[in-house]
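*Asks:* here are the coordinates; sequence isn't available:
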């Protein structure tokens, strides 16, 4: 009886949470900004749906081909990309992912299962889950098209596979947040991450060494990798489908059971984190209180950066201190270097080699472009992490211009550090970047960076959104900003591509460098023009800034 | 303005006001949150700004500190027009806003250092004052603790420290004692009294009338966006006593709470049944 009452109570609570979120959404439409957000959300939704449908058609056709040609085990080739996308995309595109702040729910008498349900349901509302679901539906339909009798069985397996993916994403997020949430665990995580990078670096030479012995190494790697992939979720799902295609229902059941077991284990591991949060865990940065008070160090002198005003120097210092305590952001920012190592692996140049083996000189410019792209997360929402601190900027005598300059310098400092790391990475993997590649990269950045900074300074004032540096899923910018960033990146990359293609057409590579320098002059003029306007815009938008960031 | 505010002697005697407003008005759509408010605070006053919830206190203090633009009217701080000389005014005021305006992922020392530099102090002065303020506010014991991990009282103390690091001539405080324990409140009061002793002007809003009565020499009361009383505590007492002779039930003088309730018409809401409360 008590169980029934509790379940009725939980249903009421869940309905209340859904109703509140709906009311918040409808109330947001009362303002122009809310309407613009809805418009942006619709446009982004259409883009994601198109991507989802396109991928679903392609994967459906591929699934149809494999099943029609009696190669159902090859379905693993389709499920692995879906799996990897589902797990990696949220990390690589934090601007599009969001997790709810569930701490507000803890004051209500919410049962633990209801809490878990809320977390999982709201955590599933992200593009990776939407796209992944589309693609799995495509694969299911492709299988059904080839063999209609297989479709219900495929639907069951792929549904469980989708649940595994959804839970795994949330489990990874929850644990990475935990590890990055405190200084000590963050340091351990950084060491493990560094070791993983070194390990990745060793794979390349090993493959190069054994690559000489025709395909033997590849076959050996395949023989080694196949059993491993077969016991992981995509391999198990493919195994289940292949078994059912061969009318081996008992095998199918075993595979399906294994997949369900994965889901349960992942849920249990996720549950460890959720239960800690449910109990009101606070991931404080400070070590436990010691019996003796800390020895009191003298207050350190503030930074003084030559060429910058006191105010701008103070902002640069503050930005670097914030970043140094923000594990998830740091992890996002090192992604280009990780990607360089991942795409730089493999054997020698040739048809079978990866992209960067064939064009190593592109390692630096591509890595730099990717770094700038990831930095736009910060650049386009300058005040998001400051949250209530925006009130200080509004009441202090410092101009918004000097605040923006400080933030821009800090962000460009990070980009410079990333460039140095990329140069080292390219040198280790291939050879030191050529002068031409270096010049091309720098000239390209001199054009692209001011454009992004100017746009970011305006978007930060027109479309601010409170973000949380310390948590993976709470770095999402507003939808308007995301939509605007698509347009700006389209413009920047379009102009850059046109410049490079024109130079290539005329066979004069230096032409692109000259063109980038000319474009940089225009970009800087635009940047400084925007900078002269920010104080006026900030004064006009102060209420929106305070309301959006202090809530 | 009510009769209380119209009493003789209710005007400040000095010519140069620390804070003065003229027909200060703020509308939010059809709602007039602050309506034609004429405030005058003399230099060196400890000024309490009171009003019931939703009366327009926070809106007024936000306009006085630059967080909100007035719809119409004029603000002068230390004789400077806020609209024309915004930066000059901001250099001379310190603010503890409702949200405290802290940066959570800095330590207390880092935050004060940042604020000092934003107010244009040199590095040495900033470091010296930061150390002194942390010591005075009893925040120096845990130098590695981030602001986000501070208790509410510690955050209030840090916000006050940040508001005074540049030695402002006027201090604006929005509900400085809300959610603060007696020990922290004692530290805050001690700091404020030091500032008054050195000639600064303090403008605070608070719901804790006892504290306002103990600290403030002058008070203004706003109700439904309109200023209904303004003057020294004695002037307000005299005004209320003149309006309602013999109304004071208890012996002694009118408390600020009596004055407040009489001025804003603090009739109790009709008693509800609320039988479910047990």
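*Replies:* Done, it's in. Treat the numbers as computed from the prediction; the structure is a model and nothing was measured.

*Asks:* Quick check: bridge partners of residue B:219?
*Replies:* Assessed by DSSP bridges, residue B:219 has beta-bridge partners residue B:48, residue B:231.

*Asks:* Who are the contact partners of the nearest residue to residue B:152 once chain neighbours are set aside?
*Replies:* Take residue B:152 and drop its neighbours on the chain: the residue closest to it by C-beta to C-beta, 6 or more residues apart in numbering or on different chains is residue B:179, 4.9 Å away. For every residue, glycine as well, the C-beta is placed using N, CA and C. Applying C-beta atoms under 8 Å, 6 or more residues apart in numbering or on different chains to residue B:179 gives the contacts B:152-153, B:156.

*Asks:* Just among the residues you listed, which is most surrounded?
*Replies:* residue B:156 (26 neighbours; other C-beta atoms under 10 Å in any protein chain shown).

*Asks:* is it true that that residue lies in a strand?
*Replies:* No: under DSSP: H, G, I helix; E, B strand; the rest coil, residue B:156 falls outside any strand and is assigned helix.

*Asks:* if I look at residue B:25, how far off is residue B:221?
*Replies:* 18 Å (C-beta to C-beta, to the nearest Å).

*Asks:* that older thread, is it true that the residue nearest to residue B:152 lies in a helix?
*Replies:* No: looking at residue B:179 with three-state DSSP, it is coil, so not inside a helix.

*Asks:* Got the confidence number for it?
*Replies:* pLDDT for residue B:179: 78.

*Asks:* go on, residue A:254?
*Replies:* In this model, residue A:254 carries a pLDDT of 94.

*Asks:* buried stuff in the helix or strand containing it?
*Replies:* Assessed by DSSP states H and E, residue A:254 sits inside helix A:249-278. For helix A:249-278, a neighbour-count test (16 or more other C-beta atoms under 10 Å in any protein chain shown) marks A:252, A:255-256, A:258-259, A:262-263, A:266-267, A:270-271, A:273-274, A:277-278 as buried.

*Asks:* try stretch A:41-51
*Replies:* For stretch A:41-51, by 16+ other C-beta under 10 Å, it's A:41, A:44, A:48.

*Asks:* pull the helix or strand with minimum mean pLDDT from chain A.
*Replies:* Lowest mean confidence among the helices and strands of chain A (mean pLDDT, DSSP states H and E): helix A:183-211, at a mean of 64.

*Asks:* okay, residue B:25 and residue B:221: which has more neighbours?
*Replies:* Of the pair residue B:25 and residue B:221, residue B:221 is the one with more neighbours under other C-beta under 10 Å, namely 27 against 17.

*Asks:* Among the buried residues of stretch A:41-51, which one sits closest to chain B?
*Replies:* residue A:41 (25.5 Å; C-beta to the nearest C-beta).

*Asks:* Now do the contacts for the closest one.
*Replies:* By C-beta under 8 Å, 6+ apart, the neighbours of residue A:41 are residue A:479.

*Asks:* Now the helix or strand containing it: average pLDDT?
*Replies:* Using DSSP H and E, residue A:41 falls within helix A:32-68. In this model, helix A:32-68 has a mean pLDDT of 87.

*Asks:* you'd agree residue B:222 is in a strand?
*Replies:* Yes: checked against three-state DSSP, residue B:222 lies within a strand.

*Asks:* Pull the contacting residues for the closest residue to it other than its chain neighbours.
*Replies:* Nearest non-adjacent residue to residue B:222, counting by C-beta to C-beta, 6+ apart: residue B:51, 4.0 Å away. Contact partners of residue B:51, counting by C-beta under 8 Å, 6+ apart, are B:57, B:205, B:221-223, B:264.

*Asks:* rerun at 10 Å
*Replies:* B:57-58, B:60, B:205, B:207, B:220-228, B:260, B:263-264 (C-beta atoms under 10 Å, 6 or more residues apart in numbering or on different chains).
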